[in-house]
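> What follows is a protein structure lacking sequence information:
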Ligand SMILES: *Cc1c(COP(=O)(O)O)cnc(C)c1O
């Protein structure tokens with residue numbers, strides 16, 4: 001998945017453009033910036049690549065999620081349904097607004113299960129936030145059906161599946177808004193950065209202002225601009241945007257290399273009795289940043305992952321036991337360990353995790369192993385790696 005493996009002249013050129021002018025900020029200083037607007041240029045190109053009308057860059061994927069939710073009008077006490085399997089950033093973005101993250105089960109797609117989501121819908125629910133984890137694609141049609149039925153928003157967290165598609169559309173472009181991360185380990189990176197995309201003009205206009213202290217961006221005197229509503233600073237810098245612009249030039253190449261390496265591993269594992277692959281929804285294409293598979297039991301999965309580690313096979317993950325990606329280890333959330341007081345609504349409405357039943361998530365995640373697909377591995381290296389993984393599995397089953 002990591003674009004940082006392919007750093008080179010493209011990124012250097014873009015960054016140097018910015019350093020030569022010395023204008024590291026995306027707004028203002030028009031006379032001094034040698035015509036360079038890297039953030040703006042990135043936004044235009046990214047909207048084209050994603051097939052949407054608007055892109056708003058931000059300082060991180062987490063802030064992209066916060067800005068998307070805020071721009072869609074979500075605030076204090078509003079409930080946002082998200083999966084038990086995701087990165088902690090998903091619920092952090094919700095909590096940042098005083099809104100309440102409500103967890104729902106994932107299934108063999110590794111994404112939100114629509115029936116589980118429907119059970120969590122209340123009159124306070126304002127949005128569903130599916131997360132396309134590990135390059136795999138959430139089945140969006142039933143979730144969209146729920147969003148329409150209950151008149152709530154669909155905000156995609158596509159941070160780990162950039163370039164994947166669903167019914168021929170890029171993930172992130174299907175919901176009311178979609179969010180991406182360009183942190184250091186993502187498919188393309190800015191060092192730190194994020195983006196939200198949308199076809200909704202109101203969300204786009206709100207986001208433009210909200211991520212820059214509420215600035216209306218009218219005219220060319222920042223000090224004279226007005227502030228129609230409260231905002232924060234979630235801006236990206238020109239330097240970070242410049243890195244991303246360089247990376248964007250390699251995006252297709254990265255996806256293609258991931259696809260090739262993924263296929264090599266899939267070919268090696270497909271005929272092993274007891275190994276099943278993640279369920280990819282009909283008409284969906286993953287972004288191939290990880291290869292995800294299931295073993296017949298939790299016991300076997302734990303055995304395989306520990307053997308893979310002993311064999312020094314890097315970048316193999318058992319998310320079920322991971323501190324950052326699965327609800328079972330999110331004790332800071334479930335026990336409400338916050339530095340200051342959480343808002344009354346959050347305290348009152350958070351689920352009682354001792355009494356929630358997430359056995360569907362447990363069933364799938366306890367048996368799941370994910371392996372990162374690197375773009376720097378040659379086909380030969382990938383083949384050797386695939387054979388090693390296969391032999392570890394065969395020896396265990
Ligand atoms: C990386 C990631 C984020 C947050 O991105 P940052 O840029 O690190 O803030 C959000 N959601 C998911 C699923 C991620 O993997």
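Nice, thanks for sending it over. All figures in this text were calculated on a predicted structure; none of them were measured in a lab.
> switch to C-alpha atoms for all contacts and neighbour counts from now on
Fine.
> So residue 72 sits against residue 204, correct?
No. Residue 72 is beyond contact range of residue 204, at 9.2 Å (criterion: CA atoms under 8 Å).
> Now do the buried residues in stretch 119-132.
120, 121, 125, 126, 127, 128, 129, 130, 131, 132 (16 or more other CA atoms under 10 Å).
> Contacting the ligand as well, which ones from these?
residue 131 (CA under 6 Å from any ligand atom).
> quick check, nearest of the buried residues of stretch 119-132 to the ligand?
residue 131 (6.0 Å; CA to the nearest ligand atom).
> Closest residue of the stretch 201-350 of the chain to the ligand?
Counting by CA to the nearest ligand atom, the stretch 201-350 of the chain gets nearest the ligand through residue 325, at 8.5 Å.
> Quick check, that residue in contact with residue 86.
Yes. Applying CA under 8 Å as the test, residue 325 and residue 86 come out as touching, 5.0 Å apart.
> before we move on, the earlier item: ok, and the closest non-adjacent residue to the residue of the stretch 201-350 of the chain closest to the ligand?
residue 87 (4.6 Å; CA to CA, 6 or more residues apart in numbering).
> now residue 41
Using CA to CA, 6+ apart, the closest residue to residue 41 is residue 245 (7.8 Å).
> Look at the residue of the stretch 201-350 of the chain closest to the ligand and say how many residues are nearby.
Counted with other CA atoms under 10 Å, residues neighbouring residue 325 total 19.
> Next, residue 169: phi, psi?
Dihedral pair for residue 169: phi -110, psi 150, per degrees, to the nearest 10.
> how would you label residue 258: helix, strand or coil?
Following DSSP: H, G, I helix; E, B strand; the rest coil, residue 258 is assigned to helix.
> Tell me, how many residues neighbour residue 42?
21.
> so when I look at it, I'm seeing a helix, right?
Yes. Residue 42: assigned to a helix according to three-state DSSP.
> Could you check how far it is from the ligand?
Distance of residue 42 to the ligand, computed by CA to the nearest ligand atom, to the nearest Å: 16 Å.
> Is it correct that that residue is in contact with residue 241?
Yes. The criterion here is CA under 8 Å, and residue 42 meets it with residue 241 at 6.7 Å.
> any idea how far residue 150 lies from the ligand?
25 Å.
> Local confidence estimate at that residue?
Note on residue 150: pLDDT of 98.
> Tell me how far it lies from residue 124.
11 Å (CA to CA, to the nearest Å).
> Grab the nearest non-local neighbour of the residue most central in space within the chain.
Computing the C-alpha centroid of the chain and ranking residues by CA atoms, centre = their mean puts residue 159 first, at 1.9 Å. What sits nearest to residue 159 in space, not counting adjacent residues and going by CA to CA, 6+ apart, is residue 180, at 4.1 Å.
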